[in-house]
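Chemist: just coords:
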């Protein structure tokens, strides 16, 4: 079981009432062979305070256990205003295209696509089977801090345990320089990390 509530809560930064974090409960085909597609969203949440996340915690855990699903949260803060404005554009484009299919999905689609309002973070995805131990990962973090622009800036944010390894959360850095050391490690610029999984 992975329970990262206590690890993730300190990373959430709510500065205005417009701020929110996008959280989804997702069933994956890897754990649910009967699933007709790769992923299925069970429920989406728009987290606008630590208190709300605490209130929702038992429901999130219940959904994950009942549906054999995982809870993912994107650590890039969103803006209700910006997401809503982009939804209006998407609705208008769909009307122009005479496309009225699944309009209820537009808000979640836009939430997934929008970038950070501020304090952008990246997810470095390191699986156990890649052969990196804690010491090697610390060496990678040191390389990012010391060799990847911007220099003289602490880019490490957090370690997030996953089912098959860990996510190293950082602020943006020179990805081209990073790839000279770690060509096989995936870096995701706007992806969620795991909050809870059974």
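Modeler: It's in. Given the structure is predicted, the values throughout are model-derived calculations rather than measurements.

Chemist: what's the burial count for the closest residue to residue 5 other than its chain neighbours?
Modeler: The shortest distance from residue 5 to any residue that is not its chain neighbour, by C-beta to C-beta, 6 or more residues apart in numbering, is 6.1 Å, and that residue is residue 57. No exception for glycine: its C-beta is placed from N, CA and C like everyone else's. Neighbourhood size, residue 57 [other C-beta atoms under 10 Å]: 16.

Chemist: which element is residue 57 on?
Modeler: helix 50-67 (DSSP states H and E).

Chemist: how far off centre is that helix?
Modeler: The chain centre lies 17 Å from the centre of helix 50-67; the measure is C-alpha atoms, centre = their mean, to the nearest Å.

Chemist: same question for stretch 93-110: list its buried residues.
Modeler: Of the residues in stretch 93-110, those buried under the neighbour-count criterion (16 or more other C-beta atoms under 10 Å) are 106, 107, 108, 110.

Chemist: and those as JSON lines, adding secondary structure, distance to residue 23 and pLDDT?
Modeler: Written out in JSON lines, the entries for those read as follows (DSSP: H, G, I helix; E, B strand; the rest coil; distance: C-beta to C-beta, whole Å; pLDDT from 0 to 100):
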{"residue": "106", "secondary structure": "helix", "distance to residue 23": "18", "pLDDT": "94"}
{"residue": "107", "secondary structure": "helix", "distance to residue 23": "14", "pLDDT": "94"}
{"residue": "108", "secondary structure": "helix", "distance to residue 23": "11", "pLDDT": "94"}
{"residue": "110", "secondary structure": "helix", "distance to residue 23": "15", "pLDDT": "96"}
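
Chemist: between these, which sits nearest residue 28?
Modeler: residue 108 (16.8 Å; C-beta to C-beta).

Chemist: ok, that closest one touching residue 46?
Modeler: No. Using C-beta atoms under 8 Å, residue 108 and residue 46 do not qualify as a contacting pair, with a distance of 9.5 Å.
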